[in-house]
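**Student:** sharing a model that was predicted from the sequence below.
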Amino acid sequence: MELFLARLTPFGELHGPTLNEAGVCSFAPPGPERPLNLDYRRTQIPPKKYLFPFREEILRYRAGAYRAGTLELPPLVIFGLHPCDLHGIAYLDRVFLSDRPDPAYAARRSRLTLIGISCTPDDSCFCREPQHAAPCDLFLDSRGEELLVTAATPKGEALAAAAAELLVPAGEESVPAEPGCLCPPQDPEIRFAEHPLWQRFADACVSCGACSACCPTCYCFDLREYPDLLGGAGRLREWDNCLFATHGEVAGKNFRPDRLDRLRYRFLHKYCGFSPFEGISSCVGCGRCKEVCPVDIDLRELCDPRAGGAA
Amino acid sequence: MNDAGLHTPWSARLLERRALSGDTDLFTLDLEKAAHEQLSGFVPGQFVQLSVPGAGEVPISPADLPGEDGTLTLCVRRVGHVTEQLHRCQPGDTLGIRGPFGIGFPVGEMAGRHVLLLAGGLGIAPLRSLLCYLLAYPERFGEVTLMYGAREPAVMLFREELAQLAARGGLRLFLTVDFAPEHPSGSFSCKIGLLPDLLKGYRFDAADTYVAVCGPPPVYRCLASELTEAGVPEERVLFSMERRMRCGIGRCCHCALGQKLCCTDGPVFRLSELRRIPEAL
């Protein structure tokens, strides 16, 4: 493995799942202090941080005009992404690149090389089945002592070629899957179902927003502008959170003042999709929301007909 | 990639401002050429994102059709952080504009029909651009009627101008205020009562009329049932909706009405569409 990783150096700085001294798993450059941890379940913050930073300046106002900065970023190789996170990136690509591409996202996306790895789901995961292939440049599928390596893009082929003498031809082919979601879309009417869980969740939720912050496909953002002392200004784009009370605010009114309204909003966006992605669930089954919720809310319970959710 | 006007605002210079009421001014902006060209495709009911440098952006629906001289007119109330800063701007100051965004009134489809405009409070601003359009092409439309309700006479916007338009013919005008002071100043008379009450007593050719509504959200539900009762087909009742539109291009996800986004699927929605969105009205 180390030999293989060494061959990736020419393609960019290597980032992968690492453990810090506090035991937090995150995507970062591995080093002596932060060893690579390929046997991980999930990182706390999903890889969306590479594409859509928590806060970034998207415009600067100076001398009477707004201008977008140019992002010149060195290439990055992200190693060891699980299929759920790869599906998450594929979803964000659809949102930010399919129509009127977002310049900052496009710049950050184009520098990435994605190397996926198969995983072993735990109790928090809810992908429908272990995925042996996912949208990425190169996918490593664990087969006992061996890894089946599949290149899905020209970038992936270049990576495989660079490590050619470490690989042996495989007998079978693993075909990377189309970008898609692992949790089925839900009936929007569920949000108004007379289900006691809704009220229970609304009573329990503390609006901490952890579920959205750690979701690989949550991308709500706010735009803020701050003046500087020289008469200019910077416009920042930063993560917003549909569970925060300010999310539905306009001057003089709040369209979602209650927690129940906000939970419904999240449910609708995540499991039913907003225009133009109506009917598309963006839940990739990574299990982060379930793991981080301090009051054990799992909105998916509402989708379960046995619990009376799909009324 | 040239994304001017989409993600990056064009510069616009504040030409003049005129006070309309205590907290509402009419701002006239001088646009740069590219912005003017883009705005030439403006459809009444669409909105622009107005930038006030150092403060941020607000979605505003223009109060007039973009001028051929490259000007744009916005009617803005001082009500939040950005509009507070806008109200401190003086002629000559630089602002920014992105847009136009969203779907406006279906003016092509409305041709040949009567049009009834129902404006409440600041809702007169977006409807004024539609009114300007209707009056610019009188041969294309039937009778044009405006019912405009304000809280009190002092905050009734554009009232002299509207009265002049009505006097010239081509516009039937009904004004109403929620309440009036005991000693009104100036020569001004209108009904006292709420907009839905005004509508209740109005006889019109409902089957052949398009209705455009813009006003405070609480009045919508009431007007919707009045209009349906009057017999206006629900697909011809057009509501301009307000939500928190930050990006204007369907990304930031603050402005959803059900699964639709106010910024790209609206802000003008048909009542027939809104009926299918439980939280919309």
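**Tutor:** Happy to help now that I have it. Numbering: from 1, shown residues only, chains lettered A, B, ... in the order given.
**Student:** skipping adjacent residues, who's closest to residue 21 in space?
**Tutor:** In the absence of a named chain, chain A is used. In this structure, residue A:21 finds its nearest non-sequential neighbour in residue A:33, 7.1 Å apart by Cβ to Cβ, 6 or more residues apart in numbering or on different chains. No exception for glycine: its C-beta is placed from N, CA and C like everyone else's.
**Student:** let's do chain B instead
**Tutor:** residue B:155 (4.6 Å).
**Student:** give me the number of neighbouring residues for that neighbour.
**Tutor:** The local packing of residue B:155 (other Cβ atoms under 10 Å in any protein chain shown) involves 18 other residues.
**Student:** show me the shaky parts of the chain.
**Tutor:** I went with chain A, as the question did not name one. A:128-133, A:171-182, A:304-311 (pLDDT under 70).
**Student:** the chain in question should be chain B.
**Tutor:** Looking at chain B by pLDDT under 70, you get B:1-2, B:182-189.
**Student:** quick one: contacts of the longest strand anywhere in it?
**Tutor:** Of all segments of type strand in chain B, defined using DSSP state E, the longest is strand B:10-21. Strand B:10-21 is touched from outside by A:64-66, B:4, B:25-32, B:34-35, B:38, B:71-72, B:75, B:89-98, B:154-158, with contacts defined as Cβ atoms under 8 Å, 6 or more residues apart in numbering or on different chains.
**Student:** show me what that strand pairs with in its sheet, parallel or antiparallel.
**Tutor:** Neighbouring strands of strand B:10-21 in its sheet, by DSSP bridges, are strand B:24-31 (antiparallel), strand B:94-101 (antiparallel).
**Student:** hmm, back to that, surely the residue nearest to residue A:21 meets residue A:20?
**Tutor:** Yes - contact criterion Cβ atoms under 8 Å: residue A:33 and residue A:20 qualify, at 7.5 Å.
**Student:** burial measure for the nearest residue to residue B:254 once chain neighbours are set aside, as a count.
**Tutor:** Nearest non-adjacent residue to residue B:254, counting by Cβ to Cβ, 6+ apart: residue B:244, 4.3 Å away. Residue B:244 sits with 23 neighbouring residues when counted by other Cβ under 10 Å.
**Student:** so which bits of stretch A:14-26 are buried?
**Tutor:** A:14-19, A:25-26 (16 or more other Cβ atoms under 10 Å in any protein chain shown).
**Student:** what about residue B:49, distance to chain A?
**Tutor:** 9 Å (Cβ to the nearest Cβ, to the nearest Å).
**Student:** I should have written residue B:27 there, sorry.
**Tutor:** Residue B:27 is 16 Å from chain A, by Cβ to the nearest Cβ.
**Student:** now do residue B:90
**Tutor:** 15 Å.
**Student:** now do residue B:203
**Tutor:** Computed as Cβ to the nearest Cβ, the residue B:203 to chain A distance reads 34 Å.
**Student:** quick one: that residue and residue B:230, what's the gap?
**Tutor:** Residue B:203 sits at a distance of 9 Å from residue B:230 (criterion: Cβ to Cβ, to the nearest Å).
**Student:** so these two - more neighbours on which side?
**Tutor:** Neighbours per residue, other Cβ under 10 Å: of residue B:203 and residue B:230, the larger number sits with residue B:230, 18 against 6.
**Student:** run a quick neighbour tally on the residue nearest to residue A:198 when sequence neighbours are not counted.
**Tutor:** Leaving aside its sequence neighbours, residue A:198 sits nearest to residue A:260 (Cβ to Cβ, 6+ apart; 6.4 Å). By other Cβ under 10 Å, 16 other residues sit near residue A:260.
**Student:** sec struct for residue A:260, please.
**Tutor:** helix (DSSP: H, G, I helix; E, B strand; the rest coil).
**Student:** go on, residue A:88?
**Tutor:** helix.
**Student:** cool, and the one 5 residues further on?
**Tutor:** Using three-state DSSP, the structure places residue A:93 in helix.
**Student:** host element of the residue nearest to it when sequence neighbours are not counted?
**Tutor:** Spatially, and ignoring its direct neighbours in sequence, residue A:93 is nearest to residue A:109 (6.7 Å; Cβ to Cβ, 6+ apart). Per DSSP states H and E, residue A:109 falls inside helix A:103-110.
**Student:** which secondary structure elements does that helix contact?
**Tutor:** When contacts are defined as 3 or more Cβ pairs under 8 Å, 6 or more residues apart in numbering or on different chains; DSSP states H and E, helix A:103-110 packs onto helix A:48-51, helix A:83-97.
**Student:** that one: which residues count as buried?
**Tutor:** A:103-105, A:107-109.
**Student:** right, and the helix or strand after it?
**Tutor:** Next helix or strand after helix A:103-110 toward the C-terminus (DSSP H and E): strand A:112-117.
**Student:** gap between stretch A:220-229 and the chain center?
**Tutor:** Centroid separation for stretch A:220-229 versus its chain: 24 Å, with Cα atoms, centre = their mean, to the nearest Å.
**Student:** the stretch 1-150 of chain A against chain B: which residues are in contact?
**Tutor:** When proximity is defined as Cβ under 8 Å from any Cβ of the partner chain, the stretch 1-150 of chain A approaches chain B at A:58-59, A:61, A:64-68, A:95-96, A:99-103, A:106.
**Student:** and these, which are buried?
**Tutor:** A:58-59, A:61, A:65-66, A:68, A:95-96, A:101-103.
**Student:** quick check: the nearest residue to residue A:51 once chain neighbours are set aside vs residue A:90, distance?
**Tutor:** Computed as Cβ to Cβ, 6+ apart, the closest residue to residue A:51 that is not its neighbour in sequence is residue A:108, at 5.0 Å. As judged by Cβ to Cβ, residue A:108 and residue A:90 stand 15 Å apart.
**Student:** show me where the stretch 151-281 of chain B has helices.
**Tutor:** Counting by DSSP state H, counting those that start in this stretch, the segments of the stretch 151-281 of chain B that form helices are B:159-167, B:195-200, B:218-230, B:271-274.
**Student:** all helices of chain A, in order?
**Tutor:** According to DSSP state H, chain A carries its helices in the segments A:2-8, A:48-51, A:83-97, A:103-110, A:154-162, A:196-204, A:210-213, A:259-267, A:288-292.
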